[in-house]
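> make a model of this:
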Amino acid sequence: MKICISSGKGGVGKTSIVVNLAYCLANKGRKVLIVDGDLGLANVDVMLGISATKTISDVMDRGADPLEALIKLERNLSVLPASSGAPDMVTLGPEEQNVLGQYLDAMAQKFDILLADTAAGIGPSVRWFNRFVDYNMVVATPDPTSLTDSYALMKVLKQEHDLREFRVVLNLVKSPEQGDKTFTTLADAARKFLDLDLEYIGPVLEDAAVPLAIRNQRPFILTSPASPASLSIKELGDKILSW
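Now for the predicted structure:
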């Protein structure tokens, strides 16, 4: 199962959700691969406090063995890191995208779930990763600019690539009720103007444990497993496994 996690706007906590969701799914017995899809500005390795000796860029430019670029975090969890400060990786052409897809498909065969954490926005790599996967997940917050940019992302993916099934996660939500209300606003606009029926996966509750874990470069689901955000992630994990 290949899942792309995107956001119209940066700073919504997308990478944090991807990392913690990966640990959650791995702890449920699934073999999980995180692909850092922010090809020019890597984030996953920074969030985890790990150093990458080989990256997607090495695989593409130097023909490195893709499996040698993997960093094993736990028995069931690995990450394929991206490069930082590599502008050429952001604008891969169709031929290079095809090669990358072949590499990722080959690696995905060794895992149960692939989570691709894309860059924010609507750039070429974001659109490609969303076409490459089986499921498209959009992370937003109740902030109006985040909702507007998420709407724009889904609009582009539908109009340019005919993608029609989007699953929404709302992060930094103060209560489940706020999450429901916010999703309704977004879903109503998508239905009226884009003819899209969005699926709400659920909220990730605002939690003081999250920024602390990020500063310590540790997943909050490990440092504070009973915190509101961790419980939210576990619910998201159960829903993903139901797919």
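
> all helices for this protein, in order.
Ranges of helices in the chain, per DSSP state H, are 14-27, 44-48, 56-62, 87-90, 94-108, 124-132, 144-161, 176-194, 209-215, 220-223, 228-242.

> tell me the buried residues in the last one?
The reference is to helix 228-242. Under the neighbour-count criterion of 16 or more other Cβ atoms under 10 Å, helix 228-242 has 228, 229, 230, 231, 232, 233, 234, 236, 237, 240 buried. Glycine gets a C-beta too; all of them are placed from N, C-alpha and C.

> ok, now which ones touch residue 139?
Neighbour list for residue 139: 5, 6, 7, 12, 13, 14, 17, 150, 168, 169, 170, 171 [criterion: Cβ atoms under 8 Å, 6 or more residues apart in numbering].

> adding pLDDT, neighbour count and distance to residue 45, write those out as TSV.
Below are the contacts of residue 139 laid out as TSV (pLDDT from 0 to 100; neighbours: other Cβ atoms under 10 Å; distance: Cβ to Cβ, whole Å):
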residue	pLDDT	neighbour count	distance to residue 45
5	98	25	16
6	98	27	19
7	97	28	19
12	97	24	20
13	96	21	17
14	97	26	15
17	98	24	17
150	98	25	26
168	98	24	27
169	98	28	22
170	98	29	26
171	98	24	21
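
> out of the residues you listed, which sit inside strands?
5, 6, 168, 169, 170, 171 (DSSP state E).

> quick one on the thing from earlier: least reliable of the helices of the chain by average pLDDT, please.
Among those, helix 87-90 carries the lowest mean pLDDT, at a mean of 60.

> any idea how far the closest residue to residue 227 other than its chain neighbours lies from residue 117?
Among residues not flanking residue 227 along the chain, residue 209 sits closest, at 4.1 Å (Cβ to Cβ, 6 or more residues apart in numbering). Look at residue 209 and residue 117: by Cβ to Cβ, to the nearest Å, they are 21 Å apart.

> do the same with residue 184
27 Å.

> ok, the two, which is more surrounded?
Counted by other Cβ atoms under 10 Å, residue 184 and residue 117 do not tie: residue 117 has more neighbours, with 30 against 12.
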